[in-house]
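Trainee: Let's see this in three dimensions:
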Amino acid sequence: MLEGEIIKFYREKMGLTQAMLGEGICTTTHVSKIERGKTAYSPDIITLFSERLGIDIHQEIQSFHLIENLLNQWHDALIMKKGQQIEALKTELDQMPFIAYTQYAAHYFLLKARYYFHHQNLELAFQTINDVQKDFSELSAFEKNLLYHLQGMYYIQINASSSNEDHQKAIQILKKINIDEYRNEEYYYHLGIAYHYGKSKILAYKYTELALAYFKRTNNYLLAISAETVMLLQYGSEVEMDFIETVKRYTDLIHNCEILGARDRKAILLNNLGVKYFKRQEYDKAQEYFEKSMNETENQQSIVYLRRLCNYLEASTEGALLQKDILIKKLKIGAALAKMLKSPVHTILIKLFKLKAEKNDSKYYQFLVDEALPYFYSTNNNFYIEQYGKQLYLYYIETNQYQKATELAQSVIV
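Mentor: Below you'll find the model as predicted:
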């Protein structure tokens, strides 16, 4: 019985024994049976218990019946990224202290993990997911699918730029989701991202296109922009007409972000457009968009800002777009930020940019051999292994070091 669950929660919260609660009202055995829903009881007994515990049992029952509805609203707000509603619903749910002792407990804690993802607190999200797996031996079909979704999100986010192993884990877990049981098509978006990081362009496009249709149906404009952004990343053609169309789509999405006030998504789009220009070796345009992206990044002491700063520094270095003293000064700023954020990959990249800016080829390629590539291999950073492995391979060819080039070609796609 619901009343029994509520009585038990508040009795334990107040530190009362069953005997203390039942004193002058009923026997300890009767209290135990009421709490476990094993016996009938009169409303008068519940009223006496409530008075002793200082609660309004009718209000507590009403709150209990609201839980499922509030949890569904909280989940929808998290999907739609409605910041104020997310916080308001969390506060309301947190004010229901017995929620952790009800049939909705697992659902509640899983959504708390989703809340931590919303605030980019991966450590707490991971801890909460693990706690649910440890504390709840039986989950409903919906809860199992929600758990898979959260696990997939975690593996996508912990190493989005490097570890292919984590991307494969994300794909394997997200593919377990049964959409008929889960009924949350948003997960297609995360599956598309996992395939994107795993370099499966066709599947990445397929699933983000499914997600885009869902976001449009539900008027989720922010995630619709995000889905279109991922779809644009799958375009690999450098044909001029295709590139002009790609740039137009980017600028249209950037304009939509300005209308919605979505600075974070605008910054992502600006950065990605910069990457497109960088690949075409149009370093001046790449530098322009990377700088705009940096300016739109709210937290300029974050790892996200550092990534965009490195893109800016690389374009500036490759295009020789800044005076040497100005570039060196900016590289020092980047190195200090990488040190503060304890990011060895960015420390290594900035050292490479500095050596290139100093036009010291021998030290540059020796650093690649001795430190940069070994680190990229140790962290399974396939993107940088390919990028800098190709550079080293071409250097070996140009300097007639064919044996070294052959050995390198066995571990790097050239």
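Trainee: for this structure, what's the longest helix?
Mentor: In the chain, with assignment by DSSP state H, the single longest helix is helix 57-80.
Trainee: Beyond it, next helix or strand please.
Mentor: The helix or strand immediately downstream of helix 57-80 is helix 83-94, counting by DSSP states H and E.
Trainee: Show me what the next helix or strand after that next one is packed up against.
Mentor: Of the helices and strands lying after helix 83-94 in sequence (DSSP H and E), the nearest is helix 105-118. Under the contact definition 3 or more Cβ pairs under 8 Å, 6 or more residues apart in numbering; DSSP states H and E, helix 105-118 sits against helix 57-80, helix 83-94, helix 122-135, helix 141-158. (Glycine included, C-beta is placed from N, CA and C.)
Trainee: Need those in CSV (columns: mean neighbour count, mean pLDDT and distance to residue 184).
Mentor: Putting the helices and strands packed on helix 105-118 into CSV (neighbours: other Cβ atoms under 10 Å; pLDDT from 0 to 100; distance: least, Cβ to Cβ, whole Å) gives the following:
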stretch, mean neighbour count, mean pLDDT, distance to residue 184
helix 57-80, 16, 88, 7
helix 83-94, 15, 94, 16
helix 122-135, 15, 95, 17
helix 141-158, 20, 94, 7
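Trainee: Adding distance to residue 358, write these out as a markdown table.
Mentor: Formatted as a markdown table, the helices and strands packed on helix 105-118 follow (distance: least, Cβ to Cβ, whole Å):
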| stretch | distance to residue 358 |
| --- | --- |
| helix 57-80 | 48 |
| helix 83-94 | 45 |
| helix 122-135 | 37 |
| helix 141-158 | 35 |
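Trainee: Enumerate every residue touching the residue nearest the centre of the chain.
Mentor: Nearest residue to the geometric centre of the chain (Cα atoms, centre = their mean): residue 157, 4.4 Å. Residue 157 sits next to 117, 122 when contact means Cβ atoms under 8 Å, 6 or more residues apart in numbering.
Trainee: related to what we said a few turns ago, hey, C-alpha coordinates of the longest helix of the chain in CSV?
Mentor: Output in CSV follows, covering the C-alpha atoms of helix 57-80 (Å, rounded to 0.1, in the frame of the first residue of the first chain):
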residue,chain,number,x,y,z
ILE,A,57,-0.5,12.0,4.3
HIS,A,58,-3.0,13.2,1.6
GLN,A,59,-0.5,15.8,0.3
GLU,A,60,2.2,13.2,0.3
ILE,A,61,0.0,10.7,-1.7
GLN,A,62,-0.8,13.5,-4.2
SER,A,63,2.9,14.2,-4.7
PHE,A,64,3.6,10.6,-5.2
HIS,A,65,1.0,10.4,-8.1
LEU,A,66,2.7,13.4,-9.7
ILE,A,67,6.1,11.7,-9.9
GLU,A,68,5.7,9.8,-13.1
ASN,A,69,4.3,12.9,-14.9
LEU,A,70,7.1,15.1,-13.5
LEU,A,71,9.7,12.5,-14.6
ASN,A,72,8.3,12.5,-18.1
GLN,A,73,8.3,16.3,-18.2
TRP,A,74,11.9,16.4,-17.0
HIS,A,75,13.0,13.9,-19.7
ASP,A,76,11.3,16.0,-22.4
ALA,A,77,12.9,19.2,-21.1
LEU,A,78,16.3,17.5,-21.1
ILE,A,79,15.8,16.4,-24.7
MET,A,80,14.6,19.8,-25.8
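Trainee: now the angle between helix 83-94 and it, please.
Mentor: 150 degrees (axes from the mean of the first three to the mean of the last three Cα atoms, to 10 degrees).
Trainee: pretty sure residue 349 contacts residue 310?
Mentor: Yes: counting by Cβ atoms under 8 Å, residue 310 is a contact partner of residue 349 at 5.4 Å.
Trainee: So which of those two has more stuff around it?
Mentor: Comparing residue 349 with residue 310 by other Cβ atoms under 10 Å, the one with more neighbours is residue 349, at 24 against 21.
Trainee: Just after the helix or strand harbouring that one, pick out the following helix or strand.
Mentor: According to DSSP H and E, residue 349 maps onto helix 344-357. For helix 344-357, the following helix or strand on the C-terminal side (DSSP H and E) is helix 361-367.
Trainee: Please state the offset of that next one from the chain centre?
Mentor: Distance of helix 361-367 from its chain centroid, counting by Cα atoms, centre = their mean, to the nearest Å, is 36 Å.
Trainee: which sections of this protein are below the confidence cut-off?
Mentor: Applying pLDDT under 70 to the chain flags residues 1, 159-166, 236-241, 411-414.
Trainee: how is it carved up into domains?
Mentor: Domain assignment of the chain by automatic domain parsing yields the ranges 2-55, 235-359.
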